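**Student:** return atomic coordinates for the entry below.
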Amino acid sequence: MSFEYRGKRDSPHWRRTWDWLLTISSVLAPLIIGIALGDLLNGLPINSAQNYTGSFWDLFQPYGVFTGVTLALICALHGATFLSLKTTGDMHERSRHLARRIAPVTTAFVIGFIIWTHVEHSDTFFLNLVELLAILAVIAALWLVYEQRDGFSFAATTVTIASAIVAIFVGLYPNVMVSSTNAANNLTAANTASPAYPLKIMSVVAIILLPVVLLYQAWTYYVFRRRVSAREFEPQGLSAEAVRPGVPSTPIGKDGQSGAMNA
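**Tutor:** Below you'll find the predicted structure:
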C-alpha cells in the first residue's frame, strides 16, 4: 500500500507517513519470518493431535527471536549493497556508508546464529557445508563492503541469505515442525504430506512454471542493470512556470544566450 498511496498526494507529511510505514513493514517482514522459522526448528508446544497448545508469547523464544534479528540484519545489509550497486552520487555514498556500519554487526549475528543452530540441532562436531558456506559468505560480504566492491558484496549477501535459510531446513529435516512437548508429536514430511495426486499436479506445475519465473526475474535484472542517478528524475526542458500562455518560448543558443540576443 505504501508504494501505491505515497504518490497520491504531494503533502510532505503524507509522503513521510507512508515512508515510515514502508520502512517499518520492511523490517517486520524478515523479522517475523525469521522468528517463525526459528520456532519451527527449536520446537513449540504441540500435543498428540498436532495442535499448538502454547500462548502468543510462547512464540517469542530466544532462538527464534535471534533468528529473526539475524535475518533482518542480513536483509538490511543486502538492501544497502543493492543501493550501492544501483545508485550514484550522494545516495551511492550514503548506501556504502550504511553498508559499512551494518556489515560487522551482521557478520557477528550470522556467525552466532550458525554456531547456535549447529550446537542445538546437529549431532556432529564439524559444521556442514551449508553452515560453513553461510559463515564464509558473510565474512566475504564484510570484506567486499569495505573494499567497495558493490557487485560482489551484493552477490555475497545473496549467498548469505540463501545458505542461512537452507541451514534451518537442513537442521529441521525430516521434520516440518518440532514439538517441544514430546518428540512423538513432531510434524514430519511424511505425516503432513498431501496425497499423491495433488503432489504430482504441483510437481508438474512447478517444473513448467519455475523456469518461466526464473527467466523473467533474470530479464528484469538485465533491463534494470544500469545505475540510477538523480538527474533522471529532474524535469526535462523548460518548467511549466517558464512557459506562460501567450508568451512564446525563446530558444537557447549554444553559448547559453537567447536566440534574440545572438541575433
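
**Student:** can you map out the strands along the stretch 51-200 of the chain?
**Tutor:** In the stretch 51-200 of the chain, the strands defined using DSSP state E, counting those that start in this stretch lie at 175-177, 187-188.

**Student:** tell me, how many residues neighbour residue 110?
**Tutor:** Neighbourhood size, residue 110 [other C-beta atoms under 10 Å]: 26. To be clear about C-beta, it is placed using only N, CA and C from the backbone, and glycine gets the same treatment.

**Student:** longest helix of the chain?
**Tutor:** helix 89-121 (DSSP state H).

**Student:** residue 3: which of the strands of the stretch 51-200 of the chain is closest?
**Tutor:** strand 175-177 (33.4 Å; C-beta to C-beta).

**Student:** which of the residues in the closest one are buried?
**Tutor:** Using 16 or more other C-beta atoms under 10 Å as the test for burial, strand 175-177 gives 175, 176, 177.

**Student:** got the strands of the stretch 51-200 of the chain as CSV, with distance to residue 139 and mean pLDDT columns?
**Tutor:** Converted to CSV, the strands of the stretch 51-200 of the chain look like this (distance: least, C-beta to C-beta, whole Å; pLDDT from 0 to 100):
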stretch, distance to residue 139, mean pLDDT
strand 175-177, 30, 89
strand 187-188, 34, 88
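
**Student:** out of these, nearest to residue 219?
**Tutor:** When the strands of the stretch 51-200 of the chain are ranked by proximity to residue 219 (C-beta to C-beta), strand 175-177 comes first, at 34.0 Å.

**Student:** packing partners of that closest one?
**Tutor:** Judged by 3 or more C-beta pairs under 8 Å, 6 or more residues apart in numbering; DSSP states H and E, strand 175-177 is in contact with strand 187-188.

**Student:** show residues contacting the strand it packs on.
**Tutor:** Identification of contacts with strand 187-188 by C-beta atoms under 8 Å, 6 or more residues apart in numbering yields 46, 50, 174, 175, 176, 177, 179.

**Student:** what pairs with that strand, parallel or antiparallel?
**Tutor:** strand 175-177 (antiparallel) (DSSP bridges).

**Student:** so how far is residue 216 from residue 223?
**Tutor:** Going from residue 223 to residue 216 by C-beta to C-beta, to the nearest Å gives 10 Å.
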